[in-house]
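Asks: Need a 3D model of the sequence below.
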Amino acid sequence: MTPDPQPVATAPGSEPVTVAGAPASGTPTSGAPTSGAPTSIDSRELARHVGAIFVAEPALVVGADLVRDFATMTGADHWMHVDQERARASPLGRATVQGLLTLSLGAELERRALAVRASDAVFYGFDRVRFPAPMFVADPLGLHVEILAVEELAGAVQARLRHTFTSVGPRPVCVSEQNIRYIH
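Replies: The predicted structure is shown next:
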């Protein structure tokens, strides 16, 4: 039985971002996507998992209120995001989620896929971000996290992760590479 969607995050006066679907169980294997509760890995063991892919479940459904709130906070208020009626008449036929909102939801989705046990984690930056396909308002947003490389440092490791954001179409809606430093 699939549980009712649970609120994940809300902004004052907005509808919640809701969860779609129920988590499944699974264990990550090298190169093959798996899903379930977040996989927990000690930062000292991270290098052993290079090439592994972890799937965030459940997916997020990004509602129009969150898109409008993000537009208000950031100024990313192009009509294609916030004017549902005008967007229906556009070549895409629907309103789209801002790329930077999609990218920022990676933090929440990654927590559903992978938990690296460390005394601290520091976001070190992005190497590459692309938006190959549109993300539409009210569609599910999923994430595959792949460990691309791990560099050993004194008292820490720096991991390069690829986030592949998925939705209903065949192409990803965002692909990013980021670096995170995990302090042992």
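Asks: ok, so what distance separates residue 64 from residue 123?
Replies: 28 Å (CB to CB, to the nearest Å). C-betas here are computed from N, CA, C, even on glycine.
Asks: And the two? Which one has more around it.
Replies: residue 64 (16 against 10; other CB atoms under 10 Å).
Asks: Can you give me every residue that contacts the nearest residue to that one once chain neighbours are set aside?
Replies: Nearest non-adjacent residue to residue 64, counting by CB to CB, 6 or more residues apart in numbering: residue 137, 5.2 Å away. Residue 137 is in contact with 62-64, 67, 81, 84, 94-97, counting by CB atoms under 8 Å, 6 or more residues apart in numbering.
Asks: confidence score at residue 137?
Replies: In this prediction, residue 137 carries a pLDDT score of 98.
Asks: Phi and psi next, for it.
Replies: Recorded main-chain torsions at residue 137 are phi -60, psi 140, according to degrees, to the nearest 10.
Asks: Check residue 52 too.
Replies: Dihedral angles phi and psi of residue 52 (degrees, to the nearest 10) take the values phi -70, psi 150.
Asks: same deal with residue 99?
Replies: Note on residue 99: backbone dihedrals following degrees, to the nearest 10 are phi -60, psi -40.
Asks: cool, and residue 110?
Replies: Dihedral pair for residue 110: phi -60, psi -40, per degrees, to the nearest 10.
Asks: can you give me the strands for the chain?
Replies: 7-9, 17-20, 33-34, 39-42, 53-61, 114-117, 120-130, 140-153, 156-166, 174-183 (DSSP state E).
Asks: Return the distance of the residue located most distally from the centre of the chain relative to residue 46.
Replies: Centroid-distance maximum for the chain: residue 154 at 29.3 Å, with CA atoms, centre = their mean. To residue 46, residue 154 is 15 Å away according to CB to CB.
Asks: Check residue 66 too.
Replies: Distance from residue 66 to residue 46, by CB to CB: 32 Å.
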